[in-house]
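Engineer: Only the shape, not the letters, is given here:
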């Protein structure tokens, strides 16, 4: 059994590049895999490995400048959910593309999972899912608004186009683990919205804390690793991931005539050329050969998206 830790922390790193090498070296030495993003504004990512290895890496991160208050969410996986360990330098640890947004300055009101149902059921509250369209497609909160964004970078424009719909409303926002809401709530406060709330710990904390029979969550929660989706109690769901477009796919998707294992799914059947599909087939063949030899293939599909 592997321990999976999803984490983020906003702090000021004066030299992010100096942190990259030691963190990667330590993680690899401890048998930890996953993806960590480092920027001048902090750190974000999801890692998996033996419990002792995860504890060692988390202790290292907590010792970084300004990271003593680091929080994270732990779950488990029966199999290693990542193919390799990556520590990447980025301009933002979750990309919104708004240079004036600074969660360290101010964010919305945190709402604990135990208080979330009452808030989002209030008639003067509008509930907004800040995640991407492919995430929302497999699960969201009852009556939540889906902005239909393909990238978090699209959210500010969506808000500008739709802000008039929410006049005199309190705004409650949520995302997978909480990081996008740190930025989106700061952004709305900067736009003059007076009452902004967000789910503390994100959907993952809600699914862990709230019993299914009391839940307003519908469906699965997409996660950025090979588990693809989680349910109440943070149990792994039944979704798989398309090896071409990386979108979540269901049993029904796999039964579609537009589905070809490792090559395409109903969501992306028209998005790739014949040459692309031939390349995907060759990649799949190489992965099967690697499996037979008992080694990991470096092109094994793994989400390249930013966890959040």
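Structural biologist: Nice, I can see it. Please read all numbers here as calculations on a predicted model, not as lab measurements.

Engineer: For the rest of this, base every contact and every neighbour count on C-alpha atoms.
Structural biologist: Noted.

Engineer: shaky segments in this structure?
Structural biologist: 295-308 (pLDDT under 70).

Engineer: Show me how it divides into domains.
Structural biologist: 2-89, 109-219, 241-293 (automatic domain parsing).

Engineer: Residue 235: which of the ones you listed is closest?
Structural biologist: domain 2-89 (8.4 Å; Cα to Cα).

Engineer: what distance separates that closest one from the centre of its chain?
Structural biologist: 14 Å (Cα atoms, centre = their mean, to the nearest Å).

Engineer: That domain: end-to-end distance?
Structural biologist: 26 Å (Cα to Cα, to the nearest Å).

Engineer: how far does stretch 232-239 stretch from start to finish?
Structural biologist: Span of stretch 232-239 from end to end, Cα to Cα: 14 Å.

Engineer: where do the helices sit along the stretch 1-150 of the chain?
Structural biologist: For the stretch 1-150 of the chain, the helices defined by DSSP state H, counting those that start in this stretch cover 16-29, 51-62, 113-121, 133-136.

Engineer: likewise the stretch 151-300 of the chain?
Structural biologist: Under DSSP H, counting those that start in this stretch, the stretch 151-300 of the chain gives helices at 155-162, 179-190, 202-209, 251-254, 274-293.

Engineer: want to throw the domains of the chain into JSON lines with distance to residue 103 and mean neighbour count?
Structural biologist: JSON lines is the format used below for the domains of the chain (distance: least, Cα to Cα, whole Å; neighbours: other Cα atoms under 10 Å):
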{"stretch": "domain 2-89", "distance to residue 103": "7", "mean neighbour count": "19"}
{"stretch": "domain 109-219", "distance to residue 103": "6", "mean neighbour count": "18"}
{"stretch": "domain 241-293", "distance to residue 103": "29", "mean neighbour count": "16"}
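
Engineer: nearest to residue 225, of those domains?
Structural biologist: The nearest among the domains of the chain, by Cα to Cα, is domain 2-89 at 5.6 Å.

Engineer: rewinding a little: residue 232 is nearest to which of the domains of the chain?
Structural biologist: domain 109-219 (4.6 Å).

Engineer: And the closest one, how far out from the chain middle?
Structural biologist: With Cα atoms, centre = their mean, you get 14 Å for domain 109-219.
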